[in-house]
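A.B. asks: Here's my sequence, what's the structure:
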Amino acid sequence: MRDSPRTRRRVLQTAAAGSLAGLAGCQGLLGSSSDDERVTIPELATFRGSGAIVEGRPAPDGTSIEELPDLSGELNLYIGGGEGGIYYRFVEMLQEIYPDFTVYESSAASSSLAQNIVKEVQAGAAQADVFWSIDASSLGYVADNDAYEPLPKDVVEPVPSGFQGDDNAWVGVAGRARSVPYNTNQLSESDIPDTVQEFPSAASFPNTVGWAPTYGAFKSFITAMRLLRGPEGTREWLVAMRENGAQRFPDEFVVSQRVADGAIPVGFANHYYALRVKNQRPDAPLDLAFTSDDAGALVNVAGALRIKGTEKDQLVNNFIKHLLSAEAQEFFATVSFAYPMIPGVEPVGDLPTIDELSPPDIDLSELSNLEKTLEIMRNAGVLG
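C.D. replies: Numbers count the residues shown, from 1 in each chain. Below you'll find the model as predicted:
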């Protein structure tokens, strides 16, 4: 249904201008603690990003850091590289808030860290306490190899069940949705097909669609397609897109920039790349459409997992609770433009909420099996 409000919204309208002054001075949810023995929690403006699409946001709802136990002790963290180090910036903020809390961080590609975790746990020599991956597939790999300890119910319950691992193996802390950025000077929302399967045959799109086949997010998208449509259907779609002249770019931020520039009218990308372009260039003729119930509507997550063998269960639990606090979710939403995982925090830029999206019904942990996907992509001639 082309104009269903669940899937079709103009999402990059600039929010009404507003001031953070009132929010910055608020107490209670995000104000200073009244307990002299507790640390002082910074005001909301400290956790909030800036720019045109951030202005005028309501204060977040949810559990405040102020309501959580203080973090104290040493934590060994494996954190997936990516997002320009934005996620680790929040960890640094926590260490500033809690003087007795120290994080020893090791950063690499999430997939590499996942493999290391499994090897270390199987050898009885786990080196880290918690794994913060930028994608569910790496979390799924660790869980599939029994290298995790289940998280307690009170840690995961703020997050919708679709963004949790089986047996509470992991919990999502920030989401990213597949989307269709399009140039509003060249196309209208009604021109965008309701599913990605329609793109090769859509009359408007020969030699005009931008994609980034070597990019990790694109490979997860194709993995979702393989799970939904099977290997042959996925290969046929890739071949049809290639033969229809899909234009190749190194990553999805570049895809979104080229759409905004008018070099191409439409592309495939995670939602936040268009938001980053729009935050820097508020007048850019760029907007987003979302497909429905197909691989193009995939919502993937960055998430956290407690590593098997840690002796710091309570510290890990409290750390992950901090990642799901109102302040953390506001930070992820307004600095990285990720989808917040708790209902009390709104996404930026007039995005549809998680509830309003129509992602496919797949287990995100199954995105961990990339080998079959890469074989299909090579056979389709879209990988070198």
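A.B. asks: Quick check: Glu66 touching Ile41?
C.D. replies: Yes: with contact defined as CB atoms under 8 Å, Glu66 reaches Ile41; the gap is 4.8 Å. C-beta here means a position set from N, CA and C on the backbone, and glycine is covered the same way.
A.B. asks: can you give me the strands for the stretch 51-200 of the chain?
C.D. replies: Assigned by DSSP state E, counting those that start in this stretch, the strands in the stretch 51-200 of the chain fall at 73-80, 101-108, 130-133, 148-149, 170-183.
A.B. asks: mind giving me the domain split of this protein?
C.D. replies: The chain breaks down by automatic domain parsing into domains covering 21-175+301-349, 177-298+362-379.
A.B. asks: avg pLDDT for the first one?
C.D. replies: Predicted confidence along domain 21-175+301-349 averages 89 (mean pLDDT).
A.B. asks: again with stretch 254-273
C.D. replies: Taken as a whole, stretch 254-273 has a mean pLDDT of 97.
A.B. asks: send the alpha carbons of that stretch over as PDB?
C.D. replies: C-alpha atoms of stretch 254-273 as PDB (Å, rounded to 0.1, in the frame of the first residue of the first chain):
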ATOM      1  CA  VAL A 254      29.000   8.800  -0.500                       C
ATOM      2  CA  VAL A 255      25.800   7.300  -2.000                       C
ATOM      3  CA  SER A 256      23.700   9.700   0.200                       C
ATOM      4  CA  GLN A 257      25.900  12.700  -0.700                       C
ATOM      5  CA  ARG A 258      25.700  12.000  -4.400                       C
ATOM      6  CA  VAL A 259      21.900  11.800  -4.200                       C
ATOM      7  CA  ALA A 260      21.900  15.100  -2.400                       C
ATOM      8  CA  ASP A 261      24.200  16.600  -5.100                       C
ATOM      9  CA  GLY A 262      21.800  15.400  -7.800                       C
ATOM     10  CA  ALA A 263      24.400  13.200  -9.400                       C
ATOM     11  CA  ILE A 264      22.000  10.300  -9.000                       C
ATOM     12  CA  PRO A 265      18.300  10.500  -8.000                       C
ATOM     13  CA  VAL A 266      18.100   7.600  -5.700                       C
ATOM     14  CA  GLY A 267      20.100   5.000  -3.800                       C
ATOM     15  CA  PHE A 268      20.300   2.300  -1.100                       C
ATOM     16  CA  ALA A 269      21.800   3.200   2.300                       C
ATOM     17  CA  ASN A 270      21.400   3.000   6.000                       C
ATOM     18  CA  HIS A 271      19.100   5.800   7.200                       C
ATOM     19  CA  TYR A 272      21.700   7.800   9.200                       C
ATOM     20  CA  TYR A 273      23.900   8.700   6.300                       C
END
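A.B. asks: Show me which residues of it are buried.
C.D. replies: Going by neighbour count (16 or more other CB atoms under 10 Å), the buried part of stretch 254-273 is 254-260, 264-273.
A.B. asks: what's near enough to touch Ala143?
C.D. replies: Counting by CB atoms under 8 Å, 6 or more residues apart in numbering, Ala143 makes contact with 165-167, 169-170, 305, 365.
A.B. asks: how about a markdown table for these, with distance to Ser336 and neighbour count added?
C.D. replies: Output for the contacts of Ala143, formatted as a markdown table (distance: CB to CB, whole Å; neighbours: other CB atoms under 10 Å):
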| residue | distance to Ser336 | neighbour count |
| --- | --- | --- |
| Gly165 | 22 | 24 |
| Asp166 | 26 | 12 |
| Asp167 | 28 | 11 |
| Ala169 | 24 | 23 |
| Trp170 | 19 | 31 |
| Leu305 | 19 | 29 |
| Ser365 | 22 | 21 |
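A.B. asks: And Leu315, how close does it get to Arg306?
C.D. replies: Computed as CB to CB, to the nearest Å, the Leu315 to Arg306 distance reads 10 Å.
A.B. asks: overlap in contacts of those two?
C.D. replies: Common neighbours of Leu315 and Arg306 are listed as Asp129 (criterion: CB under 8 Å, 6+ apart).
A.B. asks: Looking at these two now, which is surrounded by more residues?
C.D. replies: The residue with more neighbours, out of Leu315 and Arg306, is Arg306; 25 against 19, by other CB atoms under 10 Å.
A.B. asks: All set now, cheers.
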